[in-house]
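# no sequence on this one, just coordinates:
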C-alpha cells in the first residue's frame with residue numbers, strides 16, 4: 001500500500017451547530033509528530049455529491065480530543081493533548097490559528113462542555129484528574145476542582161443552568177456539580193460499572209444518559225438520582241466501552257451510542273429496543289452528532305471514516321418509533337504525500 005493511502009489522522013469528535021454545519025476534530029497517533037486537525041463543513045450532503053469539495057481546516061500543534069461550537073458566529077473551542085483550550089474562528093475558507101487559548105490542564109484534555117448562560121464559560125476534564133472552569137472571554141481559569149482521584153473521562157453540562165454539570169472518572173465515581181454551593185460536588189449513587197460517557201437531553205432537562213465500560217447504557221432522571229433513588233433503565237447495547245452518547249434533539253426517548261466495539265446504535269427508551277445498528281466502522285468509534293433539524297446522525301472513528309446514518313421516515317414526533325436505513329460513507333480523509 002502506498003504511503004498516500006495510509007490514514008494518519010484518527011477522528012475523535014464531530015459536532016453540529018444549529019445551522020447544520022459540523023466540525024471534525026482528529027489526532028495523528030502515528031508518525032514523528034503527534035499533532036491534529038480541525039475541519040469545518042457547511043453541508044455534508046454536498047460533500048457526498050462532490051467528495052473533492054474543499055474543506056475549511058487547519059492543522060493543530062497537538063491532538064484534538066474534544067471540541068464544541070462556542071457560538072453560531074463561527075467560534076470553536078478545542079480541548080487538546082497539551083492540556084490547552086484553544087479558540088478558533090472561521091473566516092471565509094479558512095480556520096484561523098488559535099488566537100485565544102487557556103492552559104487549563106497539566107495533561108491531556110479528554111472532554112469539554114459549554115455551560116449555559118451565554119458567558120462563554122467552558123468546563124473541561126482531563127487525565128490530570130482535574131475539573132476546570134475557564135472563561136474564554138477573559139482567557140483565564142476561573143476555578144479548578146479536584147473532586148476525583150483518577151483521570152476524569154467525561155463531562156456534560158445542564159441545558160439551562162449555568163452552574164450545574166456532571167463528571168465521571170476512572171475512580172468509579174459520577175459526580176454532580178453545583179458551583180453555587182460551598183461544597184459543589186456530590187456523588188451520584190446507584191450506578192453499576194465505570195462510567196465512560198455522558199449525555200444530557202436538551203428537550204427534557206431532567207433526563208441524562210450514562211455509558212459504561214462494560215457496554216451498558218443507563219437512562220435516568222438526574223433529580224431522583226441525586227436523591228439516591230434507584231431509577232435507572234439499563235440497556236446492554238455494546239461489548240466494550242461506550243465512548244459517546246447523544247439524545248436526538250427531536251425526541252428525548254431516542255438515544256444514539258458509539259463504542260470501542262466499532263458499532264453505532266440508536267435505541268428507543270420508550271420501547272426499550274434497539275432501532276438501528278451499524279457495524280461499518282472498522283476501528284474505535286469516538287464521535288457522534290445528530291443534525292439539529294434533520295433526522296440523521298454522523299459518526300466518526302479511528303478508522304478515518306465519517307459515516308452518515310439516515311432516518312427513513314420524516315422527522316419523528318415525540319413518542320414515535322423510529323426506523324433507520326443503512327449508513328453511507330460520508331467521507332474518508334487520507335493524508336497525501338508532501
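Cool, the structure landed. Worth saying up front: this structure is predicted, and the values here are computed from it rather than measured.
# what distance separates stretch 186-200 from the centre of its chain?
Offset of stretch 186-200 from its chain centre (C-alpha atoms, centre = their mean, to the nearest Å): 16 Å.
# Would you mark the buried spots in it?
188, 191, 193-200 (16 or more other C-beta atoms under 10 Å). In this view, the C-beta of every residue, glycine as well, is placed from N, C-alpha and C.
# same check, this time on stretch 206-214
Buried-residue list, stretch 206-214, by 16+ other C-beta under 10 Å: 207-213.
# need the contact list for residue 28.
For residue 28, the contact set (C-beta atoms under 8 Å, 6 or more residues apart in numbering) comprises 8-10, 34-37, 63.
# what about 7 Å?
Residue 28 is in contact with 8-9, 34-36, 63, counting by C-beta atoms under 7 Å, 6 or more residues apart in numbering.
# Weed out the non-buried ones from those.
Buried by 16+ other C-beta under 10 Å: 8-9, 35-36, 63, out of these.
# Make a markdown table from the residues you listed and add distance to residue 297, secondary structure and pLDDT to it.
Shown next, in a markdown table, are these (distance: C-beta to C-beta, whole Å; DSSP: H, G, I helix; E, B strand; the rest coil; pLDDT from 0 to 100):
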| residue | distance to residue 297 | secondary structure | pLDDT |
| --- | --- | --- | --- |
| 8 | 26 | coil | 62 |
| 9 | 21 | strand | 77 |
| 35 | 28 | coil | 80 |
| 36 | 23 | strand | 84 |
| 63 | 24 | coil | 87 |
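# Turn those residues into CSV, columns for distance to residue 286.
Formatted as CSV, the buried ones among the contacts of residue 28 follow (distance: C-beta to C-beta, whole Å):
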residue, distance to residue 286
8, 16
9, 12
35, 17
36, 13
63, 12
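# Touching, residue 223 and residue 205? I think so.
No: using C-beta atoms under 7 Å, residue 223 is not in contact with residue 205; the gap is 9.7 Å.
# which of the two has more neighbours?
residue 205 (17 against 14; other C-beta atoms under 10 Å).
# quick check, the more buried one in a helix?
No: assigned with DSSP: H, G, I helix; E, B strand; the rest coil, residue 205 falls outside any helix and is coil.
# dump the residue contacts of it.
Counting by C-beta under 7 Å, 6+ apart, residue 205 has contacts 158-160.
# I'd like to know which of those is nearest to residue 130.
residue 158 (20.1 Å; C-beta to C-beta).
# what's the neighbour count on residue 270?
Neighbours around residue 270, by other C-beta under 10 Å: 14.
# just the strands in the stretch 101-250 of the chain please.
Counting by DSSP state E, counting those that start in this stretch, the stretch 101-250 of the chain has strands at residues 109-114, 121-126, 131-135, 140-145, 152-157, 164-169, 174-178, 185-187, 195-200, 207-212, 216-221, 233-236, 242-248.
# Just put those in TSV and tack on distance to residue 16 and mean pLDDT.
Listed next are the strands of the stretch 101-250 of the chain as TSV, based on distance: least, C-beta to C-beta, whole Å; pLDDT from 0 to 100:
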stretch	distance to residue 16	mean pLDDT
strand 109-114	14	97
strand 121-126	18	97
strand 131-135	23	97
strand 140-145	27	96
strand 152-157	16	97
strand 164-169	21	96
strand 174-178	26	94
strand 185-187	30	88
strand 195-200	14	96
strand 207-212	18	94
strand 216-221	21	90
strand 233-236	24	89
strand 242-248	10	97
